[in-house]
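# Fold the following for me, if possible:
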Amino acid sequence: MKKKSPALVSPSTQLPKCPTGIQGLDEITGGGLPRGRPTLVCGGAGCGKTLLAVEFLVRGAAQFDEPGVFMAFEETEAELTANVASLGFDLAGLVRSGKIVIDYVHIERSEAQESGEYDLEGLFVRLNHAIDSIGAKRVVLDTLEVLFASLPNEAILRAELRRLFRWLKEKGVTAVITAERGRESLTRHGLEEYVSDCVIVLDHRVYDQIATRHLRVMKYRGAVHGTNEFPFLIGDEGISVLPITSLGLNHKVSNERIGTGIPRLDAMLGGQGFFRGSSILLTGTPGTGKTIISANFAQAAARRGERVLFFSFVESPSQIIRNMHSIGLRLEPLVKRGLLRFHSARPSLYGLEMHLATMFKEITAFQPHVVIMDPITSLMDAGTPSEGKGMVTRLIDYLKAGQVTTLFTSLTQGGHILQESESAMSSLMDSWLSLQDFEGNGERNRVLYVLKARGMAHSNQIREFLISDHGIDLVDAYIGVSGVLTGSARVAQGALEKAAVLADQQEAAQLKREVERKRAALERQISGLRSDYETEAVELRRIAEQVGTRTFVLGTERAESGRLRQADAKAPAIRRAKLSPEDGNG
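Numbering: from 1, shown residues only. Purely as a prediction, here's the structure:
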């Protein structure tokens with residue numbers, strides 16, 4: 001007998017979720033924190049535990065109409081209100097409107113004395129009153145260490161912790177409880193993570209002198225959730241967990257093609273340029289012209305009436321604008337018309353998560369059609385290789401979701417064109433152009449070729465990349481038995497080929513003249529023979545006529561002679577008849 005497969009859980013029986021309103025956190029947790037259950041947020045000092053708890057409470061009251069209670073054991077109401085004002089949270093206004101209650105519980109370990117059985121009954125009464133006074137749906141306790149700091153009895157402490165979590169569940173409120181990290185466990189007491197239905201671990205680490213905050217959902221009873229470690233940012237609009245743009249590959253694509261601003265480069269891409277919304281990688285060694293191609297791409301987009309956002313991590317906007325004057329490119333009018341906006345910052349200014357959040361903010365505010373990152377490798381150096389690739393992945397997904405065409409320039413080192421970092425990053429790109437240097441004959445020349453272009457026909461040939469006062473041009477590189485020739489070598493080879501062609505032309509002209517002379521001589525001979533032929537033909541006709549005349553005359557004479565002979569033969573008979581006697585006597 002076959003066993004019946006278990007029935008799938010219907011959406012109505014899934015674990016109820018309480019949305020936090022925190023950007024990215026609800027996506028990672030699949031909808032929010034477990035409703036009506038306690039969630040533990042633990043981490044070291046300065047990792048953002050209190051701010052996450054406050055934002056959970058504020059957004060619940062402002063966005064989801066769920067009043068909340070904040071019970072603080074460290075910061076007073078005035079201190080807490082002032083601290084979160086920098087994030088744009090009007091905590092005081094929510095308190096005045098009755099949406100939030102802040103209850104500061106002062107606990108001083110030196111003033112506490114243990115007498116009799118220790119319990120939290122007084123805390124439960126106080127917390128219950130605050131919840132009932134506004135009908136709170138959300139509760140925050142910040143932090144547990146202060147509450148139990150004066151209790152040395154480990155057994156009583158564990159019992160009261162269990163009792164606290166059980167009481168919160170029975171009350172039916174969604175609770176966030178903050179706690180400090182322990183040395184050998186998530187918390188100092190090592191129990192909170194076991195009695196909590198959801199555990200979120202925050203971390204604030206420093207790598208290569210750059211600080212980065214990370215968030216991880218370590219535990220979530222009854223729900224599927226992301227278990228990876230995600231960087232998050234504390235900005236002027238609260239907390240944002242950054243990897244939300246990389247959770248799926250469901251963005252739309254476009255068949256529209258856009259020009260690069262360089263006609264011969266468009267010709268190498270099937271004559272139409274790149275797909276709109278695609279990601280483009282332009283790699284090259286220093287001085288090969290990556291920024292110049294980027295500026296031409298930006299100008300072409302602006303001329304189409306599209307907005308361009310140019311992120312520069314090496315040069316200032318004024319320096320880029322000045323440098324483009326040398327090739328006849330004027331970017332100032334585009335900036336004044338609001339079609340081109342620059343954003344420049346050193347990669348070492350802050351960590352990758354802050355750079356990414358800043359770029360998201362600029363993109364959201366400007367709503368560009370084209371984004372340029374010059375160079376993206378400088379930004380990736382601000383973190384580990386995995387963090388850099390993750391940052392680029394999230395950025396690409398975010399831009400593709402908005403159908404934004406993005407050009408990334410990548411700085412490579414001489415002799416290591418296809419480095420591991422570029423190869424890994426190129427797998428994320430739709431198109432890859434490579435700029436390289438060819439050195440020889442005492443000079444350095446640039447070449448460009450298309451390594452890949454997804455979804456379109458593209459050239460596989462090398463083009464020499466020329467930069468002049470009039471802009472950019474791509475010319476055919478000479479490829480012969482000696483290899484690829486560029487610059488003066490290509491010009492010299494071209495001159496040799498022109499000289500060879502000229503010599504061939506001269507030889508051909510001389511041969512043509514000789515042939516013409518022989519043809520003229522032949523024609524003269526033919527003309528002479530034709531003249532002799534015609535003379536002889538005339539003479540032949542004259543002789544023929546004479547022969548004919550003679551023949552006629554001769555014939556006539558013969559006929560006449562015959563007639564005469566016949567007449568002469570008849571004449572004697574007549575005479576004899578006349579002389580006959582019978583005729584005379586009759």
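# The host helix or strand of Pro231 pairs with which strands?
Taking DSSP states H and E as the definition, Pro231 sits inside strand 229-235. If you go by DSSP bridges, strand 229-235 pairs up with strand 210-220 (antiparallel), strand 238-241 (antiparallel).
# So which of these is nearest Leu451?
strand 210-220 (31.5 Å; Cβ to Cβ). Just so you know, the C-beta spots here come from the backbone N, C-alpha and C atoms, and that holds for glycine as well.
# Give me the buried positions along that closest one.
210, 212-220 (16 or more other Cβ atoms under 10 Å).
# Same list (these) but as TSV, adding distance to Gln461 and pLDDT.
Converted to TSV, these look like this (distance: Cβ to Cβ, whole Å; pLDDT from 0 to 100):
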residue	distance to Gln461	pLDDT
Ile210	43	66
Thr212	44	76
Arg213	48	82
His214	47	84
Leu215	49	89
Arg216	49	88
Val217	51	89
Met218	54	87
Lys219	57	87
Tyr220	55	90
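# Arrange these in JSON lines, one row each, with distance to Lys137 as further columns.
Output for the buried residues of strand 210-220, formatted as JSON lines (distance: Cβ to Cβ, whole Å):
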{"residue": "Ile210", "distance to Lys137": "39"}
{"residue": "Thr212", "distance to Lys137": "33"}
{"residue": "Arg213", "distance to Lys137": "28"}
{"residue": "His214", "distance to Lys137": "29"}
{"residue": "Leu215", "distance to Lys137": "23"}
{"residue": "Arg216", "distance to Lys137": "26"}
{"residue": "Val217", "distance to Lys137": "22"}
{"residue": "Met218", "distance to Lys137": "25"}
{"residue": "Lys219", "distance to Lys137": "22"}
{"residue": "Tyr220", "distance to Lys137": "20"}
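# so which of the residues you listed comes closest to Val547?
Ile210 (123.9 Å).
# Out of the strands paired with strand 229-235, which gets nearest to Leu496?
Using Cβ to Cβ, the strands paired with strand 229-235 put strand 210-220 closest to Leu496, at 56.1 Å.
# Could you list every helix and strand in contact with the lengthiest helix in the chain?
The residue-count maximum for a helix in the chain (DSSP state H) belongs to helix 487-578. Contacts defined by 3 or more Cβ pairs under 8 Å, 6 or more residues apart in numbering; DSSP states H and E place helix 487-578 against strand 431-440, strand 443-453, strand 478-480.
# Would you indicate which residues of the longest one are buried?
So the one you mean is strand 443-453. Result for strand 443-453 [16+ other Cβ under 10 Å]: buried residues 445-451, 453.
# Also stretch 20-31?
Neighbour-count burial for stretch 20-31 [16+ other Cβ under 10 Å]: 20-29, 31.
# Kindly check the end-to-end length of that stretch for me.
The first and last residues of stretch 20-31 sit 8 Å apart, counting by Cα to Cα, to the nearest Å.
# chain center to that stretch, what's the gap?
Computed by Cα atoms, centre = their mean, to the nearest Å, the separation of stretch 20-31 from the middle of its chain amounts to 27 Å.
# I'd like the average pLDDT over that stretch.
Stretch 20-31 carries an average pLDDT of 86.
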